[in-house]
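Peer 1: Sequence and computational prediction follow.
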Amino acid sequence: MRTLVVGTRQSKLALTQTDWVVERLQELEPGLEIKRKKIVTKGDRILNVTLSKVGGKGLFVKEIEQAMLDGEIDFAVHSMKDMPSEMPPGLMIGAVPVRENPTDALLSRDKKRLDELSGGAVVGTSSLRRQAQILAYRPDLKVKPVRGNLDTRIRKMKEGQFDAILLATAGLKRMKWQQEVTQELPAEIMLPAVGQGALAIQCREDDEELLNLLSKLNHEETARAVRAERAFLNAFQGGCHLPLAAYAEIRYNEVHLTGLVAHPDGKTVIKQSFIGKDAQAAGETLAKSLKEEGAAELLATVKEGLAR
Ligand SMILES: NCc1[nH]cc(CCC(=O)O)c1CC(=O)O
């Protein structure tokens, strides 16, 4: 195998995730040389603006994809959650490694669990999905936007800007910061984002040598669950900035998929589950069923509100 170049964002989480994949690949092929090339994305540059207002899809991947197409890098490790549904021609997801914990975590200043937070407590999150679900469960809480890398957000909470914040458990575990987690929120209260906890290893579709190596890292159960979640997402032409959630598990060789669309105020939540064999079909069927309950109109209203 030739020396490989992996492109990565320079956030600690991106570097940690990239290193994890590099180590797995070097276990599979001892002596394999992999160089890291750091790339700054648009999402990294505009940290002061609420992402739902920036709104663009693929904010964290575009520059990396271009470097791959230009041959400057061979592959990249992305958070599946940040991957847009559309990929430029010539690129593909070469492997989906085994999923890390998919839940969302509550981190709070006084180690108070969600049920113990006082009325009016301020929860930091810029995710409309998290905002909608936390308000649906606890309408008495206040939600305020927070941006920045994981360490920045935790610091802002500890400084007192927020009583609690919501973050993906997976990112914290990968950074070995799981001791910061006060409570992992169950999917019944906080349905995870599409692809949360999973990674996508992206490469050129004609790179057979690399694809052959990457296939050994692929975890079919995770890939299948994520396929169902992303099929659901695609049906709404949604991005990670919309109040939309989906989570799938494989049980006895069947896909158990739950999907949700909500108003950011948490007062309207449309949520359903579906069980099927075919992952893609499960996602499409569930989306259709939510649309029959008015999910598309609800999202259109939300988008209108964001544009204003
Ligand atoms: N939106 C940013 C982002 N992209 C992936 C993760 C965490 C890791 C993951 O979800 O796989 C995070 C941080 C967060 O949402 O807390």
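Peer 2: In hand now; what should we look at?

Peer 1: Can you give me the domain boundaries for this structure?
Peer 2: 4-97+198-218, 104-185, 230-307 (automatic domain parsing).

Peer 1: Could you export those domains as CSV, including mean pLDDT and mean neighbour count?
Peer 2: Every residue, glycine included, has its C-beta placed from N, CA and C. What follows is the domains of the chain, written out as CSV (pLDDT from 0 to 100; neighbours: other CB atoms under 10 Å):
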stretch, mean pLDDT, mean neighbour count
domain 4-97+198-218, 91, 17
domain 104-185, 96, 18
domain 230-307, 95, 19
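
Peer 1: Quick one, which of the ones you listed gets closest to Pro192.
Peer 2: Of all these, it is domain 230-307 that lies closest to Pro192, at 4.8 Å by CB to CB.

Peer 1: By proximity to the ligand, which residue of the stretch 1-150 of the chain wins?
Peer 2: Here the residue of the stretch 1-150 of the chain nearest the ligand is Ser79; by CB to the nearest ligand atom that distance is 3.4 Å.

Peer 1: Could I get the contacting residues of the closest residue to that residue other than its chain neighbours?
Peer 2: Nearest non-adjacent residue to Ser79, counting by CB to CB, 6 or more residues apart in numbering: Leu199, 6.6 Å away. By CB atoms under 8 Å, 6 or more residues apart in numbering, Leu199 lies in contact with Gln17, Val21, Val77, His78, Ser79, Met80, Val96, Pro97.

Peer 1: Include distance to Ser273 and secondary structure when you put those residues into CSV, please.
Peer 2: Formatted as CSV, these follow (distance: CB to CB, whole Å; DSSP: H, G, I helix; E, B strand; the rest coil):
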residue, distance to Ser273, secondary structure
Gln17, 30, helix
Val21, 32, helix
Val77, 31, strand
His78, 27, strand
Ser79, 25, strand
Met80, 21, helix
Val96, 22, coil
Pro97, 26, coil
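
Peer 1: between those residues, which is closest to Lys156?
Peer 2: So of these, ranked by how close each gets to Lys156 (CB to CB), first place is Ser79, at 21.1 Å.

Peer 1: Just the strands from the stretch 201-308 of the chain, written as ranges.
Peer 2: 244-251, 254-262, 269-276 (DSSP state E, counting those that start in this stretch).

Peer 1: Rebuild the ones you listed as TSV, extending it with distance to Gly148.
Peer 2: Listed next are the strands of the stretch 201-308 of the chain as TSV, based on distance: least, CB to CB, whole Å:
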stretch	distance to Gly148
strand 244-251	23
strand 254-262	25
strand 269-276	28
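
Peer 1: Name the helix or strand for Ala193, please.
Peer 2: Per DSSP states H and E, Ala193 falls between elements, in no helix or strand.

Peer 1: Could you check how many residues crowd around it?
Peer 2: Using other CB atoms under 10 Å, Ala193 has 24 neighbouring residues.

Peer 1: For the residue most central in space within the chain, which non-adjacent residue is spatially closest?
Peer 2: Nearest residue to the geometric centre of the chain (CA atoms, centre = their mean): Lys81, 2.4 Å. Among residues not flanking Lys81 along the chain, Gly195 sits closest, at 4.5 Å (CB to CB, 6+ apart).
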